[in-house]
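Visitor: all I have is the shape, not the residue letters:
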């Protein structure tokens with residue numbers, strides 16, 4: 001058995017020798033390596049969290065803008081502009097895969113996840129808003145897009161920051177509750193409290209489920225709002 005002599009100093013006393021065999025030494029080395037790997041992983045996570053906060057803040061601002069855009073312009077004008085905007089955005093998204101597009105490429109590099117479809121989140125949010133607007137009118141689309149913006153953004157950031165209790169896949173209980181509270185806060189400004197609570201809960205549940213919540217939340221919330229009596 002190979003023995004390695006390690007020295008340490010205890011208080012004011014002389015150096016002492018502690019004998020460790022190779023297995024014990026290897027165990028200590030493994031612990032140190034694991035600690036370094038975990039620390040590096042945490043550093044990456046913090047970097048990713050900062051990026052996600054920045055990304056979700058941009059999506060939140062875009063969602064609020066889109067919601068008030070629809071409320072101000074009304075159903076018919078908004079449908080026409082949204083349809084045009086979606087088609088143009090799909091074209092620019094495909095073009096940006098082949099070459100740099102002034103301003104657009106900077107936004108994509110700054111706020112888009114790597115390997116994601118360029119501008120895919122914004123395009124699908126517009127599609128979800130278009131469906132809700134076409135089926136349930138301007139006010140329902142307005143509220144449902146606000147809920148999408150708040151629930152999705154806050155659930156993602158809170159889940160990545162404080163999420164410990166897994167619910168479905170990577171989704172956490174903390175993110176679910178945080179997104180629902182944020183959704184209730186914004187919805188209660190425009191809806192009676194009990195309707196805002198139901199709408200926020202529905203939006204949070206849909207966000208939790210598999211699939212593209214950008215497309216699913218607006219029409220589902222719009223449907224619920226159209227059947228709940230004040």
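Guide: Yep, that arrived. Being a predicted model, the structure only gives us computed values, none of them experimental. Numbers count the residues shown, from 1 in each chain.
Visitor: centroid-nearest residue for the protein?
Guide: The residue lying closest to the centre of the chain (C-alpha atoms, centre = their mean) is residue 156, at 3.4 Å.
Visitor: count of neighbours near the closest residue to that one other than its chain neighbours?
Guide: Sequence neighbours aside, residue 56 is the residue nearest to residue 156 in space, at 5.5 Å (criterion: C-beta to C-beta, 6 or more residues apart in numbering). (Each C-beta comes from the backbone N, C-alpha and C, glycine too.) Using other C-beta atoms under 10 Å, residue 56 has 20 other residues around it.
Visitor: need the contact list for residue 56.
Guide: 152, 153, 154, 156, 157 (C-beta atoms under 8 Å, 6 or more residues apart in numbering).
Visitor: among these, who's most crowded?
Guide: residue 152 (26 neighbours).
Visitor: where does that one fall, secondary structure wise?
Guide: helix 138-162 (DSSP states H and E).
Visitor: what helices and strands are in contact with that helix?
Guide: helix 22-73, helix 75-98, helix 120-136, strand 171-172, helix 173-187, helix 193-208, helix 213-227 (3 or more C-beta pairs under 8 Å, 6 or more residues apart in numbering; DSSP states H and E).
Visitor: residue 161: which of the ones you listed is closest?
Guide: helix 22-73 (6.3 Å; C-beta to C-beta).
Visitor: under the pLDDT cut-off, which ranges of the chain? List them.
Guide: Residues of the chain meeting the criterion pLDDT under 70: 1-45, 107, 111, 113, 116, 229-230.
Visitor: what residues does stretch 122-130 touch?
Guide: If you take C-beta under 8 Å, 6+ apart as the criterion, stretch 122-130 is touched by 59, 62-63, 66-67, 70, 79, 82-83, 85-86, 89-90, 93, 117, 141, 144-145, 148, 212, 214-219.
Visitor: just to revisit the earlier point, please report how far the residue nearest to the centre of the chain lies from residue 166.
Guide: 15 Å (C-beta to C-beta, to the nearest Å).
Visitor: and the residue lying closest to residue 214 once chain neighbours are set aside, how close does it get to residue 89?
Guide: Distances taken as C-beta to C-beta, 6+ apart put residue 124 closest to residue 214, at 3.8 Å, once the chain neighbours are dropped. Counting by C-beta to C-beta, the separation of residue 124 from residue 89 is 10 Å.
Visitor: doesn't residue 137 make contact with residue 71?
Guide: No. Contact criterion C-beta atoms under 8 Å: residue 71 and residue 137 do not qualify, at 10.5 Å.
Visitor: how close does the closest residue to residue 134 other than its chain neighbours sit to residue 221?
Guide: Excluding its sequence neighbours, the residue lying closest to residue 134 (C-beta to C-beta, 6+ apart) is residue 79, at 6.1 Å. Residue 79 sits 18 Å away from residue 221, going by C-beta to C-beta.
Visitor: what about the two, which has more around it?
Guide: More crowded of residue 79 and residue 221, by other C-beta under 10 Å: residue 221, with 30 against 18.
Visitor: okay, now the nearest residue to that one once chain neighbours are set aside: neighbour count?
Guide: Counting by C-beta to C-beta, 6+ apart, residue 221 lies nearest to residue 144, which is 3.8 Å off, once chain neighbours are set aside. Residues lying near residue 144 (other C-beta under 10 Å) number 31.
Visitor: show me what contacts residue 144?
Guide: Going by C-beta under 8 Å, 6+ apart, residue 144 touches 128-129, 132, 136, 199, 203, 217-222, 225.
Visitor: what about stretch 164-176, start to end distance?
Guide: 12 Å (C-alpha to C-alpha, to the nearest Å).
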